[in-house]
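Chemist: got a predicted structure here, sequence first:
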Amino acid sequence: MSQPMIDPFGRTVNYLRVSVTDRCDFRCVYCMAEDMTFLPKREVLSLEELDRLCSAFIDKGVRKLRLTGGEPLVRKNIMSLIRSLSRHLDSGALEELTITTNGSQLARFADELAACGIKRINVSIDTLDPQKFKTVTRWGDLGKVMDGIRAAREAGLAIKVNMVALKGVNEHEIVPMMQWCHENGHDLTLIETMPLGEINEDRTDQYLPLDRVRAMIAENHTLEDIPYKTGGPARYVKVRETGGRVGFITPMTHNFCESCNRVRVTCTGMLYMCLGQEDNADLRAALRASESDELLYQAIDEAIGRKPEGHDFVIDRNRPQVAVSRHMSVTGG
Ligand code: SAM
Ligand code: SF4
């Protein structure tokens, strides 16, 4: 009944990212406008529906599942979904279950996440300066995030720090952030800002190409390209002086679409075959139309058959500022 997902370009899809909520307790300047309008709750899939949806994808060959958002840990009862999905780790069907989080709720959930078989998490931190942290996240509290990181470390979770490189905001903190990460045993992944959704600011002002960042790090460090892979699009280097790893996610300067193995589902059950394209498939309709999963499998197969070759993001003052209208918090980073 279910068959593996292979797209028209021969790429096997085995990685699913699910945005479990579009809501968040932060308002990061590159991600959201301050006065965001969120989806009415009735449009959002229930936790049971999310479980069914994820399980169908696992049946169809997904080996790595990342829960994201919005902020996944602010979704009510999110731990019941994570606990339930962990059965696929126990059965061996799923290789990895993980989350991307802003860390604000980690102190509360770290032990339980580890107990559910989660081994690694991504925590997004753009600056270690409490004042600047407040400016970038608008509503965030760095102290709480640091408590969360400590709790996660003590629970035995490996932590990868995600940092969006922002021109004139945190570019001079990248090297100190790398040193802090490596001293504490964390990988650091740097991300270029992508033109997703209307925000209150000009993205051209925020955009910092990572080839410049790499050159800046290389002024005082020796960087060795390594084949390390985590299933995502980051290219990693090892920093000889610190012994740690830095990943570069460069959707703008270096397109990595040729090896794309992933698709994304929003909290309303829309399947996006590419983060940078508008085409989607309504899986909520297929889920709700019948109790059997047949329609769902059909809808997934049809959608994978339309997975595009790649995105075409451009950040340029002479072009419209937004490549796709959805915010990252809708599609899930
Ligand atoms: N709230 C969680 C968090 O911040 O980690 C999970 C969702 S967030 C949308 C996932 C990742 O996307 C974060 O690392 C965030 O920094 C990144 N992100 C958000 N908007 C982005 C944009 N326009 N360009 C590049 N990265 C973005
Ligand atoms: Fe929230 Fe994450 Fe977006 Fe920041 S990046 S506003 S924490 S969803």
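Modeler: Received it, and whenever you're ready, just let me know what you need. For clarity, every value in this text was computed on a predicted model and none was experimentally measured. Numbers count the residues shown, from 1 in each chain. Ligands and ions are numbered 1, 2, ... in the order given.
Chemist: tell me the helices and strands packed up against the helix or strand hosting residue 204.
Modeler: For residue 204, the host element (DSSP states H and E) is helix 203-206. The contact analysis (3 or more CB pairs under 8 Å, 6 or more residues apart in numbering; DSSP states H and E) places helix 203-206 against no helix or strand. C-betas here are computed from N, CA, C, even on glycine.
Chemist: same question for it, mean pLDDT?
Modeler: Across helix 203-206, pLDDT averages out at 76.
Chemist: got the buried residues for that helix?
Modeler: In terms of neighbour count (16 or more other CB atoms under 10 Å), helix 203-206 has its buried residues at 203, 206.
Chemist: ok, then the element right after it?
Modeler: helix 210-218.
Chemist: show me what that next one is packed up against.
Modeler: helix 174-183, strand 187-192, strand 245-249.
Chemist: ligand 1 contacts on the stretch 101-250 of the chain?
Modeler: Those residues of the stretch 101-250 of the chain that sit near ligand 1, judged by CB under 6 Å from any ligand atom, are 101-102, 124, 162, 164, 191, 193-194, 196.
Chemist: if we go to 5 Å?
Modeler: Residues of the stretch 101-250 of the chain lying close to ligand 1 by CB under 5 Å from any ligand atom are 102, 124, 162, 164, 191, 193-194, 196.
Chemist: of these, the lowest pLDDT goes to which?
Modeler: Where pLDDT dips furthest among those: residue 196, at 71.
Chemist: got a pLDDT number for the closest residue to that residue other than its chain neighbours?
Modeler: Nearest residue to residue 196, sequence neighbours excluded (CB to CB, 6 or more residues apart in numbering): residue 328, at 4.8 Å. Residue 328 carries a pLDDT value of 70.
Chemist: over to residue 75?
Modeler: 97.
Chemist: that one contacts residue 69, doesn't it?
Modeler: Yes: under the contact definition of CB atoms under 8 Å, residue 75 touches residue 69, with a separation of 7.2 Å.
Chemist: secondary structure class for residue 42?
Modeler: Under DSSP: H, G, I helix; E, B strand; the rest coil, residue 42 falls in the helix class.
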